[in-house]
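A.B. asks: no sequence on this one, just coordinates:
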Ligand code: AMP
Ligand code: MG
């Protein structure tokens, strides 16, 4: 059910959960201070309780309400990339965010979204939590229809059309005097080089036995079909192909394209909608053309496809 911004704000103020567009993906929003609404999010998404939520702010000045001392270059990163698809994990004053939203961690992940409708909502009602508006494990939602597919036609959605970026934010964590990437996303590693004076590396899954980004442990982004990633030429072994424009897949029955093979942004923007289309086709197995570079945003695409391919087959 499509709702206006005013209706969304009213519902959120009343402790309800609504879907809102951001430039990355649609978010399932609740007020960041509302413990009951936060519980509804975990329930609706069937999200494991140990997977914390991202708090969405209007701007960096709101960090003062939550964060303890900010690590070196945190504000510089905010100045450069906010509003936008960068998330920073920061130590917080524990009482400032409900324990369930942060999955019991002493830190919280923050970002300021760029999408005007998301910003309007946050400006009106204050910070929100907004994990992707899909059932946990499924491809993220980049269209209102995706939200309705997962949560039903009656679910309240603010319609912002198709998400421009289409893939989640990049998450940085400051550890051992450096920023590290704990989730690849819409900003590639070298986007930070000028701001930081070094290029952040990808953090290992655990550090000193602590899990650095709990979401990395969970199944993610997966269609029902099994994805088989190939870097060699198409061999006809699987009739459904997820590929690129201007490439030939002789003998394939159905080819879904991620777009121009020179443009990783386009592939990322189309990725989740295309994975959902594979389900609509009823595909059980898909030959994925993974012949593309491993640098920059291609690395994000490869990571998402690998994660999606790890899912178990659910016919
Ligand atoms: P999403 O479901 O796309 O909103 O993603 C939220 C991601 O942020 C999950 O993968 C979480 O693990 C990660 N995240 C949230 N809070 C923290 C935190 N305090 N420390 C590390 N990662 C976090
Ligand atoms: Mg998600």
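C.D. replies: Now that the structure is in, tell me what you want to look at. Just so it is clear, the model here is predicted, and its values are computed rather than measured. Ligands and ions are numbered 1, 2, ... in the order given.

A.B. asks: contacts and neighbour counts: CA atoms only from here.
C.D. replies: Fine.

A.B. asks: Determine the longest helix present in this protein.
C.D. replies: helix 264-281 (DSSP state H).

A.B. asks: Would you mark the buried spots in stretch 30-49?
C.D. replies: For stretch 30-49, burial by neighbour count (16 or more other C-alpha atoms under 10 Å) applies to 30-35, 37-39, 41-42, 44-45, 47.

A.B. asks: Also stretch 124-131?
C.D. replies: By 16+ other C-alpha under 10 Å, the buried positions in stretch 124-131 come out as 126, 127, 128, 129, 130, 131.

A.B. asks: Run through the residues you listed and flag the ones next to ligand 1.
C.D. replies: Counting by C-alpha under 6 Å from any ligand atom, residue 131 from the buried residues of stretch 124-131 sit close to ligand 1.

A.B. asks: Looking at the buried residues of stretch 124-131, spot the one nearest ligand 1.
C.D. replies: Nearest to ligand 1, judged by C-alpha to the nearest ligand atom, of the buried residues of stretch 124-131 is residue 131 at 3.4 Å.

A.B. asks: rewinding a little: can you tell me which of the buried residues of stretch 30-49 end up in strands?
C.D. replies: 30, 31 (DSSP state E).

A.B. asks: Quick check: of the buried residues of stretch 30-49, which lies closest to ligand 1?
C.D. replies: Among the buried residues of stretch 30-49, residue 47 lies closest to ligand 1 (C-alpha to the nearest ligand atom), at 8.7 Å.

A.B. asks: residue contacts, that closest one?
C.D. replies: Going by C-alpha atoms under 8 Å, 6 or more residues apart in numbering, residue 47 touches 41, 135, 136.

A.B. asks: do that again at 7 Å, thanks
C.D. replies: Neighbouring residues of residue 47 by C-alpha atoms under 7 Å, 6 or more residues apart in numbering: residue 136.

A.B. asks: on that earlier part again, and the longest helix of the chain, what does it pack against?
C.D. replies: Helix 264-281 is packed against helix 296-309, with contacts defined by 3 or more C-alpha pairs under 7 Å, 6 or more residues apart in numbering; DSSP states H and E.

A.B. asks: Please state the offset of the helix it packs on from the chain centre?
C.D. replies: Distance of helix 296-309 from the chain centroid (C-alpha atoms, centre = their mean, to the nearest Å) equals 12 Å.

A.B. asks: Give me the helices and strands touching that helix, please.
C.D. replies: Partner elements for helix 296-309 (3+ C-alpha pairs under 7 Å, 6+ apart): strand 226-230, helix 264-281.

A.B. asks: Include distance to ligand 1 when you put the ones you listed into TSV, please.
C.D. replies: Formatted as TSV, those follow (distance: least, C-alpha to the nearest ligand atom, whole Å):
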stretch	distance to ligand 1
strand 226-230	21
helix 264-281	13
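
A.B. asks: Any chance of the ones you listed in a markdown table with distance to residue 58, mean neighbour count and mean pLDDT as columns?
C.D. replies: Shown next, in a markdown table, are those (distance: least, C-alpha to C-alpha, whole Å; neighbours: other C-alpha atoms under 10 Å; pLDDT from 0 to 100):
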| stretch | distance to residue 58 | mean neighbour count | mean pLDDT |
| --- | --- | --- | --- |
| strand 226-230 | 38 | 19 | 96 |
| helix 264-281 | 24 | 20 | 96 |
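
A.B. asks: Can you give me every residue that contacts the residue of the chain positioned farthest from its centre?
C.D. replies: Here the centre of the chain is the reference, and by C-alpha atoms, centre = their mean the most remote residue is residue 251, at 34.5 Å. Neighbour list for residue 251: residue 236 [criterion: C-alpha under 7 Å, 6+ apart].

A.B. asks: And it, how far from residue 152?
C.D. replies: According to C-alpha to C-alpha, to the nearest Å, residue 251 and residue 152 sit 37 Å apart.

A.B. asks: again with residue 231
C.D. replies: 37 Å.

A.B. asks: per the record, what domains does this protein have?
C.D. replies: 2-202, 226-310 (automatic domain parsing).

A.B. asks: Among the ones you listed, show me which one is buried the most.
C.D. replies: domain 2-202 (a mean of 20; mean count of other C-alpha atoms under 10 Å).
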